[in-house]
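1. Predicted model and sequence below, questions to follow.
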Amino acid sequence: MSKNRKTSVTNFQTNVTKSKNKIEWCEKTLNVSTGCSRISGSSACSRCYMFDLASRLKGIYDSGVKNGWQNGTKFTLQPERINVPLGIKNPTMFFINSMSDIFHEEMPFEFLDDFFDVIKRTPHHTYQLLTKRSAIMVEYFKTREVPENVWMGVTVENDKFKYRIDDLRKVNAKIRFLSVEPLLGDLGELNLQGIHWIILGGESGNKARPMKEEWAVNVQKQCEEKNVAFLFKQWGNWSADGIKKRKKSDNGRLLKGVLYDEYPIIKE
């Protein structure tokens, strides 16, 4: 069973082009910087997949394959990638910095200005930007407009970081979204005013922690009540039973027997 809804505020669709990468909710990833650093007290950062993967990618670079990962997990600008979208004619949904944070403390605002110029010059593309550093995001956009083709999001992994939602509301993006992944605790009541989309999922990897079904259902119900698009990405390596650890592909994407695969679409 799949879930698809429409409201007078936004349209929710399920027929977006399927991902050409391992991230279900975009078409392409583009890392204009690589590497990152852990935020103190962040449960999501503590076991982020980037750190293990970056170390392996550095090993590949050291073996002679030039892949941009010569600095491993260290935050590194990749200026040669900024203009990549200019060479792609077909409308594409890009997830920016799947292996970094676009608003990292070491990211120069001048570099961001150059990248946002490319975003403005490619209105046929959609850019999904996600950050855990919501205060820097707010600071950047205090004196700058968010391009219309940018979807701006923040990560909310547990109750401690719900303040990022308030920061996100300060940014005048046409689409604001939350990445509730990995969901590591009960979020309780959410203020979803001005939020258009929530992506939710459990943790994957060798050290994955279980996600309780009631945590996920709580968020889904609030999305339904507030007409917010909801996408359940995955269970991760733990299923709803909370007992057996399996491959995430075996646990699938059904929440209470329903496939939630909604996307926000701006009404013209």
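-> Structure's in. What do you need?

2. Looks like residue 169 contacts residue 193 (just checking).
-> Yes: counting by CB atoms under 8 Å, residue 169 does reach residue 193; the two are 7.0 Å apart. Just so you know, the C-beta spots here come from the backbone N, C-alpha and C atoms, and that holds for glycine as well.

3. quick one: which of these two has more around it?
-> residue 169 (16 against 10; other CB atoms under 10 Å).

4. Skip the chain neighbours and tell me the closest residue to that one.
-> Using CB to CB, 6 or more residues apart in numbering and skipping the chain neighbours, the partner closest in space to residue 169 is residue 194 (4.8 Å).

5. so who does the one you found touch?
-> Neighbouring residues of residue 194 by CB atoms under 8 Å, 6 or more residues apart in numbering: 168-169, 176.

6. Could you single out the nearest of those residues to residue 123?
-> Within those, proximity to residue 123 (CB to CB) peaks at residue 176, which comes in at 19.1 Å.

7. That closest one looks like it's in a helix, true?
-> No: if the criterion is DSSP: H, G, I helix; E, B strand; the rest coil, then residue 176 is strand and not within a helix.

8. got the contact list for it?
-> Residue 176 neighbours (CB under 8 Å, 6+ apart): 151-153, 168-169, 194-197.

9. Would you mind giving me the ChimeraX syntax to select the buried ones in those residues?
-> This is how ChimeraX selects the buried members of the contacts of residue 176, with burial counted by 16 or more other CB atoms under 10 Å:
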select :151,152,153,168,169,195,196,197
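
10. host element of residue 69?
-> Using DSSP states H and E, residue 69 sits in no helix or strand.

11. For it, give me its contacts.
-> Shown in contact with residue 69 (CB under 8 Å, 6+ apart): 34, 54, 57-58, 60-61.

12. Now do it against residue 54, distance only.
-> Taking CB to CB, to the nearest Å as the measure, residue 69 falls 6 Å from residue 54.

13. before we move on, what about residue 125?
-> Relative to residue 54, residue 125 is positioned 26 Å away (CB to CB).

14. swap in residue 143?
-> On the measure of CB to CB, residue 143 and residue 54 end up 32 Å apart.

15. Which stretches in the stretch 1-150 of the chain count as strands?
-> 2-3, 11-13, 28-30, 33-34, 76-77, 93-96, 126-131, 150-155 (DSSP state E, counting those that start in this stretch).

16. Mind telling me which of those strands the model trusts least?
-> Mean pLDDT values for those show the minimum at strand 11-13, a mean of 48.

17. Many thanks, I have nothing further to ask.
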